Each structure stands twice: as C-alpha cells, then as structure tokens.
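J.: the following comprises the amino acid sequence and a computationally predicted model.
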Amino acid sequence: MKKKLIILLFFNSLLFILFSYKHVDAYGFPGGDGLTSETSYQIKSCEDLQAITGVGRGFYFSLENNIDCSDTVNWNDGAGFIPIGYTYDNESGGYGEKGFSLDFDGNGYTISGLYINLPTYDYVGLFGGVGYADLPTNIRDVKLDNFSIVGNDYVGGLIGRISNANIENISTSGNIVGNDYVGGLIGEIIEFVEIIDSYSEISANGDENVGGLVGLSDGGFISGAYSVGDINGRQNVGGLVGWLYSGENLSSIINTYSTSDVSGEDTVGGLIGYNERGYVYNSYSIGSVSGDIYTGGVIGAIDYLDGEDYTDFVFNMGWYRRQSNDDLSAIGEIYYYSAEHGDIYGGPQNVSYTESDPTAFYSSNHDIYKNAVEYDWEFNGNPWYEYSDDYPKFTEPDSNSKPSHSRVRSSGSSVGAISTFYQEQYQRALAVGADTTPYQEALNNLNPSTSSGQAPSTSSGQTTLSNTDQDHRTLKQGMQGNDVKQLQIYLNTHNYPLASTGIGSPNNETTYFGKLTKQAVILFQKANNLTPDGIVGPLTRGKMN
C-alpha cells in the first residue's frame, strides 16, 4: 500500500511542478481559468476534489453539485482520500505544497462519505495544512457529512492546520481519530483565522488538545458556532475548543455553545478544556463532563498573568449542571504565575448562569441571549433561528436547507473581511498591551497604503455622534460595533485623533473600542470638564451632539 500511495503522491507533486508557473486548463476542471470567483474551476466529483492539490496556491474553486465520496474507502489500497494542500507522513516525509491557499465556495452543497485512513500522517482532513501569509484562504458554504478520518497530529474534519483564513457557513459530521490537535472542524489554528456561523456533529477521539470544533485555537476569532457529539481525550479536552490560547495573537470565542459529552483526564471542560488568556463571550455548555483534575462544566482551567483576573476573560457564561456533574463547578480551576510565589491557584469558580433545566437555553428570552456582552445574539435567521424544542440553530425549524445568512460575505469581499479582522485584532492587542506588529504587517500585506494612513475614506468633514446608534448604549474599552466606529470618526474629526497614521487614524477607523479610542475619549472629557474615565455614557454623549 505504501509504495502505491507514494507513487500517487509523487504524480500529484509532478503535476504541481509542471503547471504551477503558468495558467493552463490541463488540470481538466470544467469552468473558467480559476483566476477569479466568476471564472472559478468547477468541482463536480470527488476526483476533482483530489486534483486540487496539483494546481498550486491562490486559485478559485466552486462546488457545482453534491458529491458522494464514499468510494474513497477503496482508494489508495485503503488509505482513502489524500488531504488537499500539504500533508506529512512521519515515516516517509511530506507531500503537497507548503503554504497552500485557495478560495473555495461550496455553494451550499454537501460532500458526503469522505474516507481518510492515514494514521502516521500529520495535517489531515479534507484539507491538510493550509495557509499562506500573503494570500488569505477563504472556504465557505459547504457541508461535510458522514466522514471517517484517521490521522496522527493536526487532524480536522475540514482542515488539519490553518493560518490566515476566513471560514464561514461550514458544517461537519462524522468520526475523527487522531493524537494531538484534533477538532471536528479544524485541528489547529495558528494565527489570523476567523470562523463564522459554523458547527460540528461528531465523535472525536485523541490525546491532547481535542475539541468538538477546534483542537487548538491560537489567534482564532470564532463567532456563532456550536458543537454536538462525543469528545474524548486525555489533556486539554473541550466540547467546542480543546485549548484556547492568546499569545502573540489574541483568541476569542463569541456567541457559542456545546451540547457535546466530554471526557478526559486533565483539564477538561464542557466548552473549553484549557483557556490561556482567551476571551469568551455569551457562551454556554450542556453536555456531561468527566475528568480527573481541572475539570469544569464550562471551562476546565483558566490561566492568566499576574495582575489580571479570570473575569477579564469570560463574560456572560452559562451551563446546565447535570446530576452526574453535581460535584463540578462551571470553571474547574483558575491560576496565574507569580515571579515571587510561583503558581497561585484560586480554586473552582462559577459563571453567570447555572441551570438545573437544560431547556432553559431554548428560549431567546434567556438572559445569556438578551444580556449579551459586546456581541448581540441575532435571531430570525441572522444568523440564528430559535427553536421551541431545541437550542438555536443556523437552519430554520422544519427546514433541511441552510438559510441565506445576511452576514455571509461574497467572494469579492473576502480580503475586506480579513482586513477588518486584522484591524480589530490590532485594537485588541493595543488594549491589553500585546505586540501589535503581526497585525500591522498583515494589514500592510493586504493594503500597503495602511502603513501611511491612506485607506479609502470613511468620512468627509465633521460628524455628530448619532443618538440612535445601538439605542444609546454606553461605550467602553473592549466593545465592538458600528457605533464605536462612528465614535472614532467623531473624535478624529473634532481634534481628538486616535492616531496620526495607521490603525485608528482618520479614514482608518475600526469597529473596536481599544486603548487608542479610550485615550481619545479621555482627552475629549478633560476638554469638556467631564470625569476622564474613557467611558462614553449619557453625559459624554450629550457633549458630542
């Protein structure tokens, strides 16, 4: 089997070498030349999917119909489908292209029956290793159904490992087995990845960093997501994310839930196993949770820095405490490292809502939705639908088709979406004193004019702060929304500039209220004899109108 597999992979690599430097239609894809979304290569069969690796980075692909990949169980002497992009056999080396990127539009179609059996391989999934610094990957509107995937490290239903990407409207269902970094959607996120309106229904088994949606998120922004299934591992095991990590790149989870049953040994949580300074908003967990140490109904453990508090990282959280989890708290342990005293432990903690009835979260009137912090839960299909007998979903009740979400971006706006994401991450980094260099460099790569402050104009002349924006809500550091951007425009056009160049400067305003915005608000308040707290409440807003 090994010899035949190597021959097939060598053939794919040869195709890449022959054709990666000129655009020809020798790949055999119907459609256009693959250079734009309007002239994308058309994918109509599982064989077409397998051929994508040989094309090279940066091309556009569109799924034209549902695809049955169940015959892949007979491919490559039982190895099945070979991951698109880069994959690595720990016994014989790597295959495919490092730094692979593409634009893939699933058009709402389903890929079913995918079979991958590569237990010695890293970077395993429909896509293996994907990500290129100068060329974002975009994958949207596709359903992966009834797959069976086996790999070693970095194993996911959609992607094994990814960076610099926008993932939207994706669902996965099936069985996944791996070792480290195992996720129902993605095994590992390493930087600059946005996941929007996506979910998984899977059985996942691994060792470390195992999650229902993502194994490890380092620099990921997950908004609108849920997971259902059985998640099993040893360490850092979570119903949604195994390990949420903010290092050089900040990570966030917003408006999510998990009903997955989760089991492990060390650092196990119904939503997140290990949270290392990641931001979590308006999220909850329902499933049963079992572990030996650092086990919580929502989060196994939260690790933060000396001078911080765990409440700096979790906002408006909830869980259903089952009888089998009566001995658990929502958060299993909190701790930080002190240079003087070593690790300082704070013990188990609770969250905003502890429910004895799992159906309490069915209703959109629950406070976890109504009192959402920073990011509103949007119902009526934008993107969530309310169910009377279930938790919110992205599909309309009594409908088997995926709705057209108002937040779905066309392929033509993908770079703009990634740019907005980088701007928001830049502001978040400023707010917590983290290194902003990676975000500024990423923005410069996408739009070189950013470094000189010459982005397309967002305002002409002076403005007043609208009295109707977000129902007069109080604005403060950490918040996000169009009203924040209007505030920044107001400050920039009234001689209280956030910055002279780059992010936050005139015509480079963002939707995130970070450190620069707070500093400018304080200057305005001092000039108008207001309390200089950096918070825009009724008195400050009144002076702005």
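T.: Ah, there it is.

J.: what segments of this structure are helices?
T.: Under the criterion DSSP state H, the chain contains helices at 2-19, 46-51, 367-370, 414-432, 437-446, 482-493, 515-527, 538-543.

J.: buried ones in the third one?
T.: Judged by neighbour count using 16 or more other Cβ atoms under 10 Å, the buried positions of helix 367-370 are Ile368, Tyr369. Every residue, glycine included, has its C-beta placed from N, CA and C.

J.: and it, what does it pack onto?
T.: Helix 367-370 sits against strand 279-285, strand 314-320, with contacts defined as 3 or more Cβ pairs under 8 Å, 6 or more residues apart in numbering; DSSP states H and E.

J.: need the contact partners of it.
T.: Helix 367-370 is contacted from outside by Asn282, Tyr284, Asn316, Met317, Gly318, Ser352, Tyr353, Phe361, Ser364, Trp377, Phe379, using Cβ atoms under 8 Å, 6 or more residues apart in numbering.

J.: buried subset of those residues, written for PyMOL?
T.: This is the PyMOL syntax for the buried subset of the contacts of helix 367-370, where burial follows 16+ other Cβ under 10 Å:
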select buried, resi 282+284+316+317+318+352+353+361+364+377
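
J.: got JSON lines for the contacts of helix 367-370, with pLDDT and distance to Ile170 too?
T.: Output for the contacts of helix 367-370, formatted as JSON lines (pLDDT from 0 to 100; distance: Cβ to Cβ, whole Å):
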{"residue": "Asn282", "pLDDT": "96", "distance to Ile170": "21"}
{"residue": "Tyr284", "pLDDT": "98", "distance to Ile170": "21"}
{"residue": "Asn316", "pLDDT": "96", "distance to Ile170": "25"}
{"residue": "Met317", "pLDDT": "97", "distance to Ile170": "25"}
{"residue": "Gly318", "pLDDT": "97", "distance to Ile170": "25"}
{"residue": "Ser352", "pLDDT": "95", "distance to Ile170": "29"}
{"residue": "Tyr353", "pLDDT": "96", "distance to Ile170": "28"}
{"residue": "Phe361", "pLDDT": "96", "distance to Ile170": "23"}
{"residue": "Ser364", "pLDDT": "94", "distance to Ile170": "24"}
{"residue": "Trp377", "pLDDT": "93", "distance to Ile170": "20"}
{"residue": "Phe379", "pLDDT": "92", "distance to Ile170": "21"}
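
J.: closest to Gly239 among the contacts of helix 367-370?
T.: Tyr284 (10.2 Å; Cβ to Cβ).

J.: now do the same contact list for the closest one.
T.: Tyr257, Leu271, Val298, Met317, Gly318, Trp319, Tyr320, Tyr353, Phe361, Ile368.

J.: not counting its neighbours along the chain, what's nearest the fourth one?
T.: Residue nearest to Met317 in three dimensions, not counting chain neighbours: Val351, with 3.8 Å by Cβ to Cβ, 6 or more residues apart in numbering.

J.: that older thread, any idea which of the helices of the chain scores lowest on pLDDT?
T.: Sorting these by mean pLDDT places helix 2-19 lowest, at a mean of 42.

J.: can you list the low-confidence ranges for this structure?
T.: Filtered on pLDDT under 70, the chain yields the residue ranges 1-27, 399-472, 478, 501-503.

J.: what does stretch 58-67 rub up against?
T.: Contact partners of stretch 58-67, identified using Cβ under 8 Å, 6+ apart, comprise 29-31, 34-37, 39-46, 49, 52, 101-107, 109-112, 132, 135, 142, 411.

J.: quick one: mark the members of those that sit in strands.
T.: 41-43, 102-107, 109-112, 142 (DSSP state E).

J.: just give me the closest of these to Ile334.
T.: Val142 (38.4 Å).

J.: how close does the closest one get to Val155?
T.: 18 Å (Cβ to Cβ, to the nearest Å).

J.: so which of those two has more stuff around it?
T.: Val155 (36 against 23; other Cβ atoms under 10 Å).

J.: could the helices and strands packed on helix 367-370 be laid out in TSV, adding distance to Gly264?
T.: Formatted as TSV, these follow (distance: least, Cβ to Cβ, whole Å):
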stretch	distance to Gly264
strand 279-285	14
strand 314-320	17
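
J.: for these, which one sits closest to Asp89?
T.: That would be strand 279-285 among these, by Cβ to Cβ, at 36.3 Å.

J.: how far does that closest one sit from the chain's center?
T.: 13 Å (Cα atoms, centre = their mean, to the nearest Å).

J.: same question, stretch 525-535
T.: Relative to its chain's centre, stretch 525-535 lies at 36 Å (Cα atoms, centre = their mean).

J.: same check on stretch 83-103?
T.: 22 Å.

J.: kindly report the same for stretch 101-116.
T.: Per Cα atoms, centre = their mean, the centroid offset for stretch 101-116 relative to its chain is 18 Å.

J.: cool, and stretch 236-251?
T.: 10 Å.

J.: what about Val214, distance to Thr359?
T.: Here Val214 is placed at a distance of 27 Å from Thr359 (Cβ to Cβ).

J.: of those two, which one has the most company?
T.: A count of neighbours by other Cβ under 10 Å puts Val214 above the other of Val214 and Thr359, at 37 against 13.

J.: the more buried one against Gly183, yeah?
T.: Yes: the criterion here is Cβ atoms under 8 Å, and Val214 meets it with Gly183 at 4.4 Å.

J.: so what sits against both of these two?
T.: Gly156, Val241, Gly242.

J.: dump the residue contacts of the last one.
T.: Read that as Gly242. 181-183, 208-211, 214-216, 233, 236, 272-274.

J.: so Val142 bridges to which residues?
T.: Tyr109, Ile170 (DSSP bridges).

J.: mind listing what it touches?
T.: Leu63, Phe104, Gly106, Asn107, Gly108, Tyr109, Thr110, Ile111, Asn169, Ile170.

J.: how about the third one, nearest residue that isn't a chain neighbour?
T.: This means Gly106. Gly106 sits nearest to Val142 (Cβ to Cβ, 6+ apart), 2.5 Å away.

J.: list just the nearest of the contacts of Gly242 to Ala372.
T.: Each of these was scored against Ala372 by Cβ to Cβ, and Ile272 proved nearest at 18.3 Å.

J.: for the closest one, grab the count of nearby residues.
T.: Neighbour tally, Ile272, other Cβ under 10 Å: 37.

J.: got it, and Ile344?
T.: For Ile344, using other Cβ under 10 Å, the count is 12.

J.: surely it and Tyr337 touch.
T.: Yes: Ile344 lies in contact with Tyr337 (Cβ under 8 Å); the separation is 7.4 Å.

J.: any common contacting residues for these two?
T.: Asp306.

J.: what's across from the closest residue in space to Leu305 that isn't next to it in sequence in the sheet?
T.: Leaving aside its sequence neighbours, Leu305 sits nearest to Tyr336 (Cβ to Cβ, 6+ apart; 5.9 Å). Under the criterion DSSP bridges, Tyr336 forms beta bridges with Tyr304, Ile344.

J.: tell me how many other residues crowd Tyr336.
T.: For Tyr336, the neighbour count with other Cβ under 10 Å is 18.

J.: just Arg473 next, same as before
T.: Count around Arg473 with other Cβ under 10 Å applied: 13.

J.: please report the distance of it from Ile186.
T.: Look at Arg473 and Ile186: by Cβ to Cβ, they are 33 Å apart.

J.: cool, and Asp197?
T.: Taking Cβ to Cβ, one finds Asp197 at 15 Å from Ile186.
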